[in-house]
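Q: any chance you can model this:
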Amino acid sequence: MMLRAALRTFRSRLLAPVLEKESSSSGDRLLLLQGKNACHVSRSLDHIDTLSDIEFGIYSQWGEDGILEWLIQRLPISSKRFIEFGVEDYREANTRFLLINRNWRGLVIDGSPENMEHVRNEEIYWRHDLAALSAFINRDNISDLIAQSGFSGSVGVLSVDIDGNDYWVWEAIECVRADVVVCEYNAVFGDVHPITIPYRPDFRRTAAHRSNLYYGASISALRLLASRKGYELIGTNRAGVNAFCVRRELFSRVAPMVECKEPNPSLFREARGEDGALTFVSGVGRLEKIRDMPVVRVDTGRTVLLRELDRVYSDKWQRAMCSKPK
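A: Alright, predicted model coming up:
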């Protein structure tokens, strides 16, 4: 009995890594098959109400895979290359499906050396032309990081998600001409004022405010920046996380196909307490947690406190976030 038990233990220890790898590989193949089927369906959708209609997530967190796929199918993409930063270990990202499904070339950047080492040890790193760079991004180094990695010029997709200086970093990028830009916005900042956090090169979201709600820029700030850089907002995902902007010269190719391009508020409850645990504060209550924090109006350059702004949410957003129906 003891020998049999020992043999079972030995076999399980020996086979577990193999079985885990086979299971992971089979799961990836199934995900890719499901993604390809979803892509096939989206090709027939030449008119949609909002970008939410064509969301699906294979490796993305909030349905960005489907939105990017739908846009790429309909745009004359200038380069089958992408840049994404703030990817953590790249298991969940906006461009991973592009890499695996369309075999695009890509550059991913994250501040954690451990995360980038994980990417370099993945099978996708030798199967595809992917560069993984470890660097803490700020507005002064981003263009150099991109240029030194050989990704200056035209790219199909630029994805910006660093939970902090997103506005300032995108503003600073001058060496890239992207057809589609995906940029995270902070819906807690509302949709009325073009505001962002004041720039700090060492900004870290978790240290900036204990609630974890103080970061990034409002959708109005990103829309204004997009216009200044030659882009038009085509919409956001349903969850109210990412804005999708198309280069102005290409915008007319897809604009008539999207009925409503207005951005969505967020309803998710990621606020943290002093102990770091989720507090599940919802709706407009999230704004109260950070009302004494400073923001910069990017239209005037003036720094104000959030509580000094007379109105942060439009009627539409206010109604959407209201916890009690009227």
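
Q: run through the chain and note the low-pLDDT ranges.
A: Applying pLDDT under 70 to the chain flags the ranges 1-25, 323-326.

Q: so which residues of it form helices?
A: Assigned helices in the chain, in chain order: 2-42, 64-74, 96-102, 113-120, 123-127, 142-148, 166-172, 205-208, 219-228, 248-254, 285-289, 315-321 (criterion: DSSP state H).

Q: now the second one - C-alpha only, CSV.
A: Provided in CSV are the C-alpha atoms of helix 64-74 (Å, rounded to 0.1, in the frame of the first residue of the first chain):
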residue,chain,number,x,y,z
GLU,A,64,-11.3,45.3,-26.5
ASP,A,65,-10.4,42.3,-28.7
GLY,A,66,-13.7,42.5,-30.6
ILE,A,67,-13.6,46.3,-31.0
LEU,A,68,-10.1,46.3,-32.4
GLU,A,69,-10.8,43.4,-34.7
TRP,A,70,-13.9,45.1,-36.1
LEU,A,71,-12.0,48.4,-36.7
ILE,A,72,-9.0,46.6,-38.3
GLN,A,73,-11.3,44.7,-40.6
ARG,A,74,-12.7,48.0,-42.0
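
Q: dump the helices of the chain to a markdown table, plus mean neighbour count and distance to Ile234.
A: Backbone N, C-alpha and C define where each C-beta goes, glycine included. What follows is the helices of the chain, written out as a markdown table (neighbours: other C-beta atoms under 10 Å; distance: least, C-beta to C-beta, whole Å):
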| stretch | mean neighbour count | distance to Ile234 |
| --- | --- | --- |
| helix 2-42 | 11 | 15 |
| helix 64-74 | 23 | 7 |
| helix 96-102 | 21 | 17 |
| helix 113-120 | 16 | 29 |
| helix 123-127 | 12 | 28 |
| helix 142-148 | 17 | 24 |
| helix 166-172 | 23 | 16 |
| helix 205-208 | 14 | 27 |
| helix 219-228 | 21 | 10 |
| helix 248-254 | 15 | 6 |
| helix 285-289 | 18 | 26 |
| helix 315-321 | 15 | 18 |
